[in-house]
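>>> Turn this into a model:
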Amino acid sequence: MRILLVYPEYPDTFWSFRHAVRVASKRTVFPPLGLLTVASMLPDWDKKLVDMNTDPLTDADVLWADCVFISAMVIQRESVKEVIQKCQRLGKKMVAGGPLFTSEPDEFEAVDHLVLDEAEITLPLFLKDLSSGNVKHVYTSQERPDVTKTPLPLWSLIDMKKYVAMSIQYSRGCPFDCDFCNIGVLNGRFVRTKNKDQIIAELDALYDRGWRSDVFIVDDNFIGNKRKLKEEILPAMVGWQIRRKYPFSLSTQVSINLSDDEELTRLLVTAGFDRVFIGIESPNEESLAECNKRQNEHRDIAASVRKLQNRGLQVQAGFILGFDSDPISVFKSQINLVQQSGIVMAMVGLLNAPRGTRLYQRMAAEKRLTEEKATGDNTDCSMNFLPRMDRATLVKGYKEVLTTLYAPGQYYARVKAFLKQYRPQKRRAMSQIRWWHVWAWLRSMWFLGVADRGRFQYWRFVFSTLVIRPNSFPLSMTLAVYGFHFRTVARKLQYV
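Sure thing, here's the model as predicted:
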């Protein structure tokens with residue numbers, strides 16, 4: 001068979017980084033790791049992959065295939081609809097899976113075969129029925145697979161030069177139970193991990209294909225099993241990075257309680273991690289209790305962030321507005337927390353209730369669900385339930401938060417606050433300037449220093465960094481480009 005694997009397009013949002021990657025002459029940030037892994041699980045058929053974030057999906061692509069495999073997140077819903085319509089028009093069979101289809105299977109009756117939940121379990125069932133000519137419409141299972149059996153992604157299907165970073169997965173599941181999060185629904189609360197030999201093999205696979213840049217470990221909570229990280233995984237990664245002279249700069253997602261464990265933090269940094277994303281959500285204690293964000297309660301969030309940044313980890317963070325317990329003062333509190341803690345990349349969104357979550361069930365029981373769908377886009381002011389706070393007041397406050405956080409003056413002040421706290425470990429060849437860094441810097445001078453409305457603040461920031469913190473200049477310019485992207489999206493949405 002000839003199989004076309006399609007990854008639909010992301011809309012232009014804060015975390016698409018579309019305008020930032022344009023400055024760096026890249027197409028998008030991350031490759032479709034799930035589809036690349038599924039490709040390795042398929043028989044030895046002819047396979048092609050179209051990532052619509054790097055290349056358009058043409059009629060010729062679809063006509064080449066006997067069957068089209070689609071995987072997507074919720075935020076890719078609109079692009080998914082376009083892919084389905086194209087396949088229908090051209091008369092091609094479709095197989096779909098991934099978070100969007102697993103969460104909303106009833107919305108995609110037009111798809112011929114829905115292979116839901118985790119592919120290690122359901123894809124072999126589909127392939128077995130396909131070989132016998134008795135294929136069903138839906139394949140689903142509550143069984144959680146052993147991820148030590150998961151194969152390496154089929155990296156040969158993509159052009160790595162089009163991406164800013166590569167991705168690998170170490171674990172699935174999260175031990176916490178935040179009521180708005182669907183990770184427990186999709187992957188369970190028991191943390192399942194790969195072994196050190198798998199992780200080293202994944203790093204080797206990227207290295208052997210010539211990759212020498214950022215690698216994102218996509219786990220929803222990388223530190224879900226601290227003991228295994230300390231005793232097995234991180235020591236192996238440290239040894240690999242030392243032998244290879246640190247070819248990769250690593251990032252991942254963790255919970256705020258990492259700041260309580262200095263040993264683990266130091267191990268992460270020694271292994272090559274320099275960025276972590278943390279769900280902080282709210283400065284309001286009552287809101288944290290409401291959503292069961294226990295790991296964030298009763299702590300000085302800004303102090304925890306400073307600890308991590310002092311130890312060499314740049315903290316990126318997510319924030320949420322729209323909890324029932326949010327007071328009217330939450331907007332100013334949110335701004336103050338972000339600015340004071342020096343969190344440069346702060347993702348602020350309105351609360352939504354993904355299907356299957358405890359929040360969704362509570363909103364349904366309270367008859368507060370609306371016909372509006374959870375879009376997965378934290379920038380479009382959508383909410384799929386009726387908030388306690390007046391909706392107009394909530395949206396107005398949300399826009400004020402974004403207007404403040406992404407205004408050039410506030411953004412560059414936050415970068416400076418971060419640089420005062422940040423103590424990176426000097427150890428890696430990754431710190432060397434590469435040709436595309438120089439090219440990106442030259443392009444950024446036009447985008448940020450000439451065409452952007454914040455050009456005067458930009459040049460002030462450039463010169464002050466060169467004078468006060470010249471060693472931080474490359475990182476500072478990278479963060480400036482991210483700020484350009486955030487402002488561009490915010491202006492498009494008429495927030496700034």
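>>> ok, now which ones touch T465?
419, 472-473, 476 (C-beta atoms under 8 Å, 6 or more residues apart in numbering). From N, CA and C alone the C-beta is placed, and that goes for glycine too.
>>> Would you map the helices across the stretch 1-150 of the chain?
18-23, 33-41, 59-64, 77-89, 99-103, 119-132 (DSSP state H, counting those that start in this stretch).
>>> now the shortest one: mean pLDDT?
Helix 99-103 carries an average pLDDT of 97.
>>> One more: stretch 170-181?
On average, stretch 170-181 scores 95.
>>> Kindly report the same for stretch 488-496.
For stretch 488-496, the per-residue pLDDT averages 73.
>>> Please apply the same query to stretch 222-236.
Computed over stretch 222-236, the average pLDDT equals 97.
>>> Would you mark the buried spots in it?
Going by neighbour count (16 or more other C-beta atoms under 10 Å), the buried part of stretch 222-236 is 222-226, 228-229, 232-234, 236.
>>> before we move on, could you check phi and psi at the residue lying closest to C381 once chain neighbours are set aside?
Excluding its sequence neighbours, the residue lying closest to C381 (C-beta to C-beta, 6 or more residues apart in numbering) is V395, at 5.2 Å. The phi and psi values for V395, taken as degrees, to the nearest 10, are phi -70, psi -40.
>>> remind me, longest helix of the protein?
helix 473-492 (DSSP state H).
>>> So E372 sits against C381, correct?
No: the pair E372 / C381 is not scored as a contact, 10.4 Å apart, by C-beta atoms under 8 Å.
>>> Give me the more crowded residue out of the two.
Shown here are E372 and C381; by other C-beta atoms under 10 Å, C381 has more neighbours (16 against 12).
>>> Helix, strand, or coil at that one?
Local secondary structure at C381 is given as coil here, using DSSP: H, G, I helix; E, B strand; the rest coil.
>>> go on, G376?
coil.
>>> wait, isn't it in contact with S79?
No: using C-beta under 8 Å, G376 is not in contact with S79, being 11.7 Å away.
>>> For the spatially closest residue to L448 that is not a sequence neighbour, give its distance to W441.
Leaving aside its sequence neighbours, L448 sits nearest to Y458 (C-beta to C-beta, 6+ apart; 4.7 Å). According to C-beta to C-beta, to the nearest Å, Y458 and W441 sit 12 Å apart.
>>> Comparing the two, which residue is more hemmed in?
Per other C-beta under 10 Å, whichever of Y458 and W441 has more neighbours is Y458, with 24 against 18.
>>> For that one, which residues are in contact?
Y458 neighbours (C-beta under 8 Å, 6+ apart): 408, 412, 448-449, 452, 480.
>>> Take those and keep only those in helices.
408, 412, 480.
>>> In CSV: the residues you listed, plus pLDDT.
Output for the ones in helices among the contacts of Y458, formatted as CSV (pLDDT from 0 to 100):
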residue, pLDDT
P408, 94
Y412, 95
A480, 93
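>>> coming back round to it: so what does the longest helix of the chain touch, helix or strand wise?
Judged by 3 or more C-beta pairs under 8 Å, 6 or more residues apart in numbering; DSSP states H and E, helix 473-492 is in contact with helix 18-23, helix 391-406, helix 408-421, helix 435-446, helix 455-468.
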